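S.K.: Build me a model:
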Amino acid sequence: MMPALCFSQKKQTVFIEYFVPISKDVKKKYFVFNHHVDYWKYCSRIYGNNSSSLTNSYFLSDDSKQILYNNIFNTAKSGNLVVLQTHWSNIQGPSPTGWIGNKQILTENEVKESISYSSLRDSIDNEGNIVIDDNGDIILIDFSYECNIHDFIGINFYEEWTFDYKNLTIDKKILYYAPAIRAINPETLELAGFKCPFIVENKNLKTKQIIATDFYSNTDIFCNHETNNTWFKNYLEPSVKFPFIKEAMTNENNSYYECSPPYNKKISKIDALSFESYRDSINDDEPVVNDDGDIIKIKFLELHMQSDINSLGFVENWFFDEKNSSFSKEVNGVSFEGINFENETHPLFLIKN
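M.R.: Numbering: from 1, shown residues only. Got it, this is the predicted structure:
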């Protein structure tokens, strides 16, 4: 079953699933394949040896993380927050008449088990010595411990996005979210990715406490990844993304901004939509060289193409309601990201709401 798209000349609605890191120690670099182009994408999932030493540049403050941890994990452990299992095989997603399928509610014991994880540690005898086997190898034993606030590294959001092509805005409605904890390699004890122990159904906010201002996150939703058979997708259909990109790159009334804090520096259309490149100087079909025999290069501006846009970034304010553990987002700007000469994704320009 495919996502329901509400078509009109001005707006379209899609259902998107994507991960946002909130911790400064989340490594973000991994390899993706998009439109027959291989490139490094700075994001949050970590696979194999493709992680880098770079950290997330945008993260929640310790105070904001503590508020979320107390009102999500601790409230769930006490049984005061209804949480759902993360297996979505029976949930086909939102439709005009509501949800289709079953949603399994976790018990308190299942919640506590879901936020614990196993690892290996050295076996120690009563005298404090490491125990080894006959081959001289250290004997490892399994142990389990419950995650703490340090393990809380991100949030997987399930949202309804409304694209307004006329005003070039994206409104987000959070339908569900899944807090993510670090996944540890049991042998090396290093960060190997993340896992979501449960899902929370988001409710309308009764109070509006701001927990992040001008929070920047990006998502490679232009890459077709495997996804569960739900209405939530982690990529955008061409019929949604290309009209939006075209409007951003061709509308004469657009104002472009530099995508770096404080997000208020205007840049020219040329700077936003083009980049410097070089070509050989040619005369009579032969490269022109200088006195040292080096080919003379000519600098010129090359325009970005619509197909160069590989992902979207968002500048947002985040709000949280402690009474019902719910989020809302206020999108202040949308950035368009492409690939630089190092084959890495970076923001090209920002369009503010």
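S.K.: longest strand anywhere in this structure?
M.R.: Secondary structure of the chain read by DSSP state E shows that its longest strand is strand 169-184.
S.K.: Okay, buried residues for that one please.
M.R.: When neighbours are counted by 16 or more other C-beta atoms under 10 Å, the buried residues of strand 169-184 are found to be 169-172, 174-182, 184. In short, each C-beta sits where N, CA and C put it, glycine included.
S.K.: Likewise for stretch 202-216?
M.R.: By neighbour count with 16+ other C-beta under 10 Å, stretch 202-216 contains the buried residues 202, 205, 211-212, 215-216.
S.K.: Now do it, average pLDDT.
M.R.: On average, the pLDDT along stretch 202-216 is 92.
S.K.: please begin residue numbering at 45 from this point
M.R.: Yep, numbering from 45; the last one is stretch 246-260 now.
S.K.: Can you pull out the residues in contact with it?
M.R.: Contacts of stretch 246-260 from elsewhere in the structure, counted by C-beta atoms under 8 Å, 6 or more residues apart in numbering, are 101-102, 104-105, 108, 111-112, 218-221, 303, 305-307, 357-368, 370-372, 376, 379.
S.K.: which among the buried residues of strand 213-228 gets closest to Asp178?
M.R.: Lowest distance from Asp178 to the buried residues of strand 213-228 (C-beta to C-beta) belongs to Ile228, with 28.9 Å.
S.K.: Low-confidence ranges, the protein, go.
M.R.: Flagging of the chain using pLDDT under 70 yields the residue ranges 45-53, 69-102, 131-146, 161-166, 184-188, 229-236, 265-275, 322, 344, 384-388.
S.K.: Leaving out chain neighbours, which residue sits closest to Lys217?
M.R.: Leaving aside its sequence neighbours, Lys217 sits nearest to Glu204 (C-beta to C-beta, 6 or more residues apart in numbering; 4.3 Å).
S.K.: Partner strands of the strand or helix carrying that neighbour, with direction?
M.R.: Take DSSP states H and E as the rule and Glu204 turns out to sit in strand 196-208. Looking at strand 196-208 with DSSP bridges, its paired strands and their directions are strand 55-65 (antiparallel), strand 213-228 (antiparallel).
S.K.: ok, which stretches of this protein are helices?
M.R.: Shown for the chain, the helices assigned by DSSP state H span residues 106-113, 119-121, 152-158, 282-294, 313-317.
S.K.: Tell me which of those helices sits most buried.
M.R.: With neighbours defined by mean count of other C-beta atoms under 10 Å, none of the helices of the chain is more surrounded on average than helix 119-121, at a mean of 19.
S.K.: And for the closest residue to Lys309 other than its chain neighbours, the neighbour number?
M.R.: Setting aside the residues directly before and after it, Lys309 is nearest to Glu302 in space (C-beta to C-beta, 6+ apart), at 4.3 Å. For Glu302, the tally of surrounding residues (other C-beta atoms under 10 Å) stands at 17.
S.K.: Go ahead and confirm Ser321 touches Lys343.
M.R.: Yes - between Ser321 and Lys343 a contact is recorded at 7.5 Å, counting by C-beta atoms under 8 Å.
S.K.: Of those two, give the one with the bigger neighbour count.
M.R.: The residue with the greater number of neighbours, taking Ser321 and Lys343 and applying other C-beta under 10 Å, is Ser321; the counts read 12 against 8.
S.K.: What distance do you get for the more buried one to His390?
M.R.: Distance, Ser321 to His390, using C-beta to C-beta, to the nearest Å: 16 Å.
S.K.: first to last residue in stretch 115-130, what's the distance?
M.R.: In stretch 115-130, first residue to last residue: 19 Å (C-alpha to C-alpha, to the nearest Å).
S.K.: Give me the contact list for that stretch.
M.R.: Counting by C-beta under 8 Å, 6+ apart, stretch 115-130 makes contact with 147-152, 154-156, 159, 191, 196, 220, 222-223, 240-245, 364, 366, 369, all of which sit outside it.
S.K.: List the buried residues for it?
M.R.: For stretch 115-130, the buried set under the neighbour-count rule, 16+ other C-beta under 10 Å, comprises 115-117, 119-121, 125, 127-129.
S.K.: Then stretch 358-371?
M.R.: Within stretch 358-371, the residues that qualify as buried by neighbour count (16+ other C-beta under 10 Å) are 358-360, 362-365, 368-371.
S.K.: Among the buried residues of stretch 246-260, name the ones in strands.
M.R.: Secondary structure from DSSP E places 255-256, 259-260 of those in strands.
S.K.: Save those residues as CSV, and put in distance to Lys313 too.
M.R.: What follows is these, written out as CSV (distance: C-beta to C-beta, whole Å):
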residue, distance to Lys313
Ile255, 35
Ala256, 31
Phe259, 27
Tyr260, 22
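S.K.: May I have the residues that are in contact with Leu379?
M.R.: Actually, residue 379 is Ser rather than Leu. With the criterion set at C-beta under 8 Å, 6+ apart, Ser379 makes contact with 260, 262, 303, 356-359, 391-395.
S.K.: Now with 10 Å, please.
M.R.: Listed by C-beta atoms under 10 Å, 6 or more residues apart in numbering, the contact partners of Ser379 are 260, 262, 301-304, 307, 355-359, 390-396.
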